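A.B. asks: task: produce atomic coordinates for the following.
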Amino acid sequence: MKFERELVFRDRNFPLDVFLLEEHPDYPLHIHDFTVIVIVTRGHGINIIGKEEFPIKAGDVFVHHGTRPHGYRATEHLGLINVIFDQSLLQRVRFDVTGLPGYQSLFVVEPAMLKEGHSARHLTLGMDDLAKAKQLAESMEKELYGNLPRRGAVRFEERHRTKVGNLPNRRTPDGHRFMAMTHFMALVGLLSRAYHAKPTVESERIMKIGQVIAHMESHFDENLKIPELARMVGMSDRNFYRFFHRVKGESPLAYLQRLRIAKGARILQTSDKSVSEVAMECGFNDSNYFARQFRRILGVSPRQFQNGKGNSSPSV
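C.D. replies: A predicted model of the protein is given here:
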């Protein structure tokens, strides 16, 4: 089965949803074009990722980007919180979320490893953090659905079989998007910090790669070199390059270029600085080289972009 975002998000202009399921049944393999944070609140079962299987229990947390088939079997009183969102949501209000300890590991590195068939589930919340996560999810649900009955008792596909226009009216408080987003960001922060606070031997490499990605996003305007980044994670240049490519789908240098161009695009959108000034601010010593890379990635020149001929900044 495949679930598409158009059928999942009740508010198509605000791609965030949450389901609190007290008795999650066995479920067939499926894929989707959105991201799901899964938090196990009770019981146990088997999570299937492609051809791999691993047990899950209360407190376990993992992230699915949805491109690799996954499902559940042998479930017993399995309670789940599914927080469903499109990654563009984090791009809207990124602040310093990518610099949170553990964020890159939980939301970037582990899902990439799962996609390749490597079970990399390392976060298990303690009772206090699990209670906080559930409270945030319930607050999010209240903001998004107002007076409507909770949907946990209805199967996922049945909830979305009804067309959006035929769904019952809801009474949501003013500012419900803003408040739901605050609860969502608080949950992302809670999980990211929890991942960082409870490292295991298995997760050390994941944490280090996550820290390197966070370092690149914070210091992209500096003269970063592959050997220096590799030393941060205790890898050879070759192994670092290969592992990074597995996680991000591109080389470290290509990722660094996109970070710099994304920053340049944001500056051009919000200031009247010259192309040369923007190039220097983003770590380019040659404004002509900056302009060539900008056109390669965005399809327009920096000046055309600044004059409104570009659609949006590139995502990273």
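
A.B. asks: mind checking how far residue 25 is from residue 223?
C.D. replies: Distance of residue 25 to residue 223, given as Cβ to Cβ, to the nearest Å: 54 Å. In short, each C-beta sits where N, CA and C put it, glycine included.

A.B. asks: count of residues packed around residue 289?
C.D. replies: By other Cβ atoms under 10 Å, the residues close to residue 289 number 11.

A.B. asks: out of residue 25 and residue 223, which sits in the busier spot?
C.D. replies: Neighbours per residue, other Cβ under 10 Å: of residue 25 and residue 223, the larger number sits with residue 25, 12 against 8.

A.B. asks: once you drop chain neighbours, what's closest to that one?
C.D. replies: Of all residues not flanking residue 25 in the chain, residue 75 sits nearest, at 6.2 Å (Cβ to Cβ, 6 or more residues apart in numbering).

A.B. asks: ramachandran angles for the one you found?
C.D. replies: phi -80, psi 140 (degrees, to the nearest 10).

A.B. asks: hmm, it is touching residue 47, no?
C.D. replies: No - Residue 75 is not in contact with residue 47 according to Cβ atoms under 8 Å; the separation is 9.8 Å.

A.B. asks: and these two? Which one has more around it.
C.D. replies: Counted by other Cβ under 10 Å, residue 75 and residue 47 do not tie: residue 47 has more neighbours, with 23 against 19.

A.B. asks: secondary structure element holding the more buried one?
C.D. replies: In this structure, residue 47 sits in strand 35-49 according to DSSP states H and E.

A.B. asks: name the residues of that strand that are buried.
C.D. replies: By 16 or more other Cβ atoms under 10 Å, the buried positions in strand 35-49 come out as 35-43, 45, 47-49.

A.B. asks: and for stretch 69-78?
C.D. replies: 70, 72, 75, 78.

A.B. asks: let me know the closest of those residues to residue 2.
C.D. replies: residue 70 (12.1 Å; Cβ to Cβ).

A.B. asks: all the helices of the protein, residue numbers only.
C.D. replies: Using DSSP state H, the helices of the chain run over 5-8, 88-92, 103-104, 110-115, 127-145, 156-159, 176-197, 204-218, 226-232, 237-248, 252-270, 275-281, 287-298, 302-304.

A.B. asks: right, so those helices: which one is the most enclosed?
C.D. replies: helix 103-104 (a mean of 25; mean count of other Cβ atoms under 10 Å).

A.B. asks: output the below-cut-off pLDDT ranges for the stretch 1-150 of the chain.
C.D. replies: Counting by pLDDT under 70, the stretch 1-150 of the chain shows low-confidence ranges at 91-101, 114-122, 147-150.

A.B. asks: hmm, 80 instead?
C.D. replies: Along the stretch 1-150 of the chain, the parts satisfying pLDDT under 80 run over 4-8, 10-12, 66-67, 88-105, 107-122, 146-150.

A.B. asks: go on, the stretch 201-316 of the chain?
C.D. replies: 201-209, 246-247, 308-316.

A.B. asks: now with 70, please.
C.D. replies: 201-205, 309-316.

A.B. asks: turn the buried residues of stretch 69-78 into TSV, including distance to residue 254.
C.D. replies: Putting these into TSV (distance: Cβ to Cβ, whole Å) gives the following:
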residue	distance to residue 254
70	28
72	36
75	41
78	41
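
A.B. asks: out of the residues you listed, who's nearest residue 252?
C.D. replies: Of those, the one sitting nearest to residue 252 (Cβ to Cβ) turns out to be residue 70, at 28.6 Å.

A.B. asks: show me what contacts that closest one?
C.D. replies: 29, 30, 31, 47, 48, 49, 50, 64 (Cβ atoms under 8 Å, 6 or more residues apart in numbering).

A.B. asks: the third one reaches residue 65, doesn't it?
C.D. replies: Just to be clear, that refers to residue 31. No - if you go by Cβ under 8 Å, residue 31 and residue 65 don't touch, sitting 9.7 Å apart.

A.B. asks: these two: which is more packed in?
C.D. replies: Ranked by neighbour count (other Cβ under 10 Å), residue 31 and residue 65 place residue 65 first, with 18 against 15.
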